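Colleague: just the structure for this:
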Amino acid sequence: MRSPRGFWGSIFILLAVPVAVLTQVLFGGGSGIAVHSALMVGCVLVSFALFDFRVPRWITWVGSAAVGALAAIFFLQAVSPLVGSGAFFSFAYEVLGSWPERLLVDLFLFWLVSMLLVDSRDRTRAFGFVAVAVVICLEVYEYVLLLLGSPPGAGIPGSRALYLLPVAWLLLESRKKRSEKDW
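Modeller: I've put the predicted structure just below:
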């Protein structure tokens, strides 16, 4: 396998929402803690996995730092309901969950585009182009709405689920067999 950490990190991120729903159904609460915990673990694994791909090293460091910072934000969002402080909850969700989280996702998208152009091949590359293009279009649309004065998150309802497409593509790239060129 090309990147076991990328594979398992992608699995954690992709399963975050189903785990949150299951947690809500089984325990009647705690879905926010479950979703952010799964996202945190997935992001930690993915931040290390970026080094398994043949992307220029400086871009990999930028992407890895961005995904690592996302993991830290998701950790704070997971523990904030347990702390019981309204100010801490507001900081984790409204401050860090706004512009910092958006910027970090955009930096990860930058790494994904680089990987797509430099190190992706075959059918997964075609899927990657579609997946990344969809998310970039959504990001541009959200930025245009923000510039026009709309509140954050005023974009297309349910479009956040489409942000999982590049993660699914990363999963496919991660499970490819390592070629001689990868060494």
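
Colleague: tell me the pLDDT of the closest residue to S98 other than its chain neighbours.
Modeller: Sequence neighbours aside, P152 is the residue nearest to S98 in space, at 5.8 Å (criterion: CB to CB, 6 or more residues apart in numbering). Glycine gets a C-beta too; all of them are placed from N, C-alpha and C. We have a pLDDT of 71 for P152.

Colleague: ok, P152 - contacts?
Modeller: 98, 102, 142, 146 (CB atoms under 8 Å, 6 or more residues apart in numbering).

Colleague: next, the buried residues of the helix or strand hosting S47.
Modeller: Using DSSP states H and E, the element containing S47 is helix 31-49. Of the residues in helix 31-49, 31-47, 49 count as buried by neighbour count, 16 or more other CB atoms under 10 Å.

Colleague: turn the contacts of P152 into TSV, including pLDDT.
Modeller: Formatted as TSV, these follow (pLDDT from 0 to 100):
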residue	pLDDT
S98	84
R102	90
E142	88
L146	85
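
Colleague: for P152, helix, strand, or coil?
Modeller: Of the three states, P152 takes coil under DSSP: H, G, I helix; E, B strand; the rest coil.

Colleague: can you tell me how far it sits from S90?
Modeller: 14 Å (CB to CB, to the nearest Å).

Colleague: show me which positions of stretch 65-81 end up buried.
Modeller: 66-71, 73-81.

Colleague: host element of V67?
Modeller: According to DSSP H and E, V67 maps onto helix 57-83.
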